[in-house]
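>>> below is the sequence, then the predicted model.
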Amino acid sequence: MNAVTPIPREQTLDNSLALLKEGYQFIPNRCQSYGADIFETRLLGEKVICMSGEEAAELFYDKEKFTRKGAAPKRIQKTLFGENAIQGMDGKAHEHRKQLFMKLMTEERLQRLSEITTEEWRRKFPAWQKAEKVVLFQEAKEVLCRAACRWAGVPLEESEVKERADDFWDMVDAFGAVGPRHWQGRKARKRGEAWIKKVIHQVRDGELKADKNTALFAMAFHRDLNGEHLDSEMASIELINVLRPLVAITNFIAFSVLALHEHPQYRNQLQEADDDFFEMFSQEVRRYYPFGPFLGARVRRGFIWNDIKFEKGRLVLLDIYGTNHDPRLWKEPDKFYPERFGDWNGGLFDLIPQGGGEYYKNHRCPGEWATLRVMKASLDFLTKEITYQVPDQVLSYSMVRMPSVPESGMVLNEIQKFEEAK
Ligand code: HEM
């Protein structure tokens with residue numbers, strides 16, 4: 001890591017406004033101007049160390065040095081994560097809870113997720129063929145909400161798909177927001193938790209049968225280290241920790257279609273491609289486009305690293321976006337170039353859109369393989385099964401709004417079956 005000592009310190013009372021104004025570039029801008037991968041600033045009234053790059057990621061995932069306890073502000077817990085869930089756990093209790101998520105990710109279950117995703121896209125097609133235009137972002141949310149609930153074993157009435165899909169997305173959409181967008185996320189979480197809690201009760205009371213392989217069964221009957229079932233509140237929060245992010249893959253799908261529009265050669269290439277190239281393309285979408293900006297942890301006990309003092313309790317942010325665009329790791333990082341993944345060595349700390357490090361013992365996203373499966377199944381449908389046009393629309397996305405989304409939602413028209421279009 002390029003660590004300058006003493007650590008560059010921002011001479012300001014508070015930089016929260018600058019963070020809101022600069023969004024994904026807040027940490028990268030400062031690293032560049034200080035010529036360092038690490039600096040200290042103040043955010044929301046407290047001193048914060050920000051760091052970027054592969055070495056920083058490796059340090060951040062050292063469990064001896066960092067804890068997640070108290071790292072996520074309440075406003076994030078009340079929207080994105082749910083209160084006191086896996087994201088804020090440490091040590092053996094965290095590892096045990098993590099196992100609950102990882103055991104859902106068997107090859108068989110992931111294969112089933114791909115199949116369900118494809119089936120749900122196909123169900124959409126007849127209506128699309130008749131429609132003058134569709135907004136892919138909204139359509140994908142609903143497709144993935146249906147797929148997520150089916151895969152997880154959660155009953156979902158046709159009449160509630162839109163509201164549930166919107167709620168799952170609104171929980172995500174709230175994470176970087178102040179004002180109405182944030183409050184919408186809180187309301188969405190309240191509604192979502194009340195719904196899922198009821199489903200957990202129904203399963204526990206035997207009113208609803210849950211298949212043993214499903215996330216619903218896993219969350220309803222998981223026993224914590226003390227041998228107790230999770231209370232129904234926590235079981236519902238952890239089940240939402242499966243459903244909500246599956247719906248959030250919508251954003252990667254919308255960005256994938258934007259990438260296909262801006263680089264039409266890949267649309268042709270994918271029409272003929274095997275799984276390897278779908279994987280490379282999906283990895284590049286996850287690397288290139290902005291989604292999660294940074295992650296937070298607190299110093300467990302004070303330590304000195306490269307002559308820099310990390311005081312106990314200090315909040316430390318790891319730059320996701322900047323690491324995914326670090327020129328030392330990625331040649332021409334601002335170029336969309338899936339081929340770069342042809343010889344990628346699968347590093348644990350370089351491609352970190354869903355966190356880094358180890359899955360089972362650390363906080364890396366347990367849904368990363370599921371995300372790739374859903375992206376690949378969706379892209380397969382969108383490139384090999386249908387054709388569409390992209391009418392005039394605003395094709396930009398913000399580098400300030402967090403999370404960033406394609407502004408138009410990706411409007412598509414003239415949708416036809418691939419074979420009929422030829
Ligand atoms: C849109 C795709 C997704 C993105 C961008 C994403 C991103 C992330 C990130 C950045 C983390 C934090 C890693 C850390 O704290 O070190 C995380 C954790 C987590 N993700 Fe994902 N994720 C996605 C999909 C999924 C899926 C599909 C699932 C479940 C099926 C999932 C479940 C979780 C859970 C439970 C955690 C907490 C893990 C822990 O604290 O040990 N995510 N995700």
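Happy to help now that I have it.
>>> pLDDT on stretch 378-398, on average?
For stretch 378-398, mean pLDDT is 98.
>>> which residues touch stretch 409-418?
If you take C-beta atoms under 8 Å, 6 or more residues apart in numbering as the criterion, stretch 409-418 is touched by 125, 128-129, 131-138, 254, 257-258, 271, 384-391, 393. Yep, even glycine has a C-beta here, placed from its N, CA and C like the rest.
>>> just the residues you listed: which are in helices?
F125, W128, Q129, L136, F137, Q138, A254, V257, L258, Q271 (DSSP state H).
>>> mind checking pLDDT for the closest residue to the ligand within the stretch 301-422 of the chain?
Closest residue of the stretch 301-422 of the chain to the ligand, C-beta to the nearest ligand atom: G367 (2.0 Å). Among the per-residue scores, G367 shows a pLDDT of 98.
>>> skipping its backbone neighbours, what lies nearest L372 in space?
The shortest distance from L372 to any non-neighbouring residue, by C-beta to C-beta, 6 or more residues apart in numbering, is to S282 (5.5 Å).
>>> so how far is stretch 258-268 from its chain's centroid?
A distance of 23 Å separates the centroid of the chain from that of stretch 258-268, by C-alpha atoms, centre = their mean, to the nearest Å.
>>> that older thread, neighbours of the residue nearest to L372, just the number please.
The number of residues packed near S282 is 23, by other C-beta atoms under 10 Å.
>>> and it, that one's in a helix?
Yes: using DSSP: H, G, I helix; E, B strand; the rest coil, the assignment for S282 is a helix.
>>> flag every residue of the stretch 1-150 of the chain that's near the ligand.
Near the ligand, the residues belonging to the stretch 1-150 of the chain are I86, Q87, K98, F101 when assessed by C-beta under 6 Å from any ligand atom.
>>> from these, which is closest to A3?
Minimum distance to A3 across those is 27.6 Å, recorded for Q87 (C-beta to C-beta).
>>> if I look at the closest residue to M105 other than its chain neighbours, how far off is R189?
Using C-beta to C-beta, 6+ apart and skipping the chain neighbours, the partner closest in space to M105 is W369 (5.6 Å). When distance is defined by C-beta to C-beta, to the nearest Å, W369 is 26 Å away from R189.
>>> pick out the most distant pair among the ones in helices among the contacts of stretch 409-418.
Largest separation among those by C-beta to C-beta: Q138 and Q271, giving 25.1 Å.
>>> so between these two, which is more surrounded?
With other C-beta under 10 Å as the criterion, Q138 and Q271 differ in neighbour count, and Q138 comes out ahead with 17 against 12.
>>> now, which of the ones in helices among the contacts of stretch 409-418 sits nearest W344?
Distance to W344 across the ones in helices among the contacts of stretch 409-418 (C-beta to C-beta) is lowest for L258, with 22.3 Å.
>>> tell me how many other residues surround the closest residue to that closest one other than its chain neighbours.
Computed as C-beta to C-beta, 6+ apart, the closest residue to L258 that is not its neighbour in sequence is P406, at 5.1 Å. P406 has 22 neighbours, counted by other C-beta under 10 Å.
>>> local confidence estimate at P406?
The predicted structure lists P406 with a pLDDT of 98.
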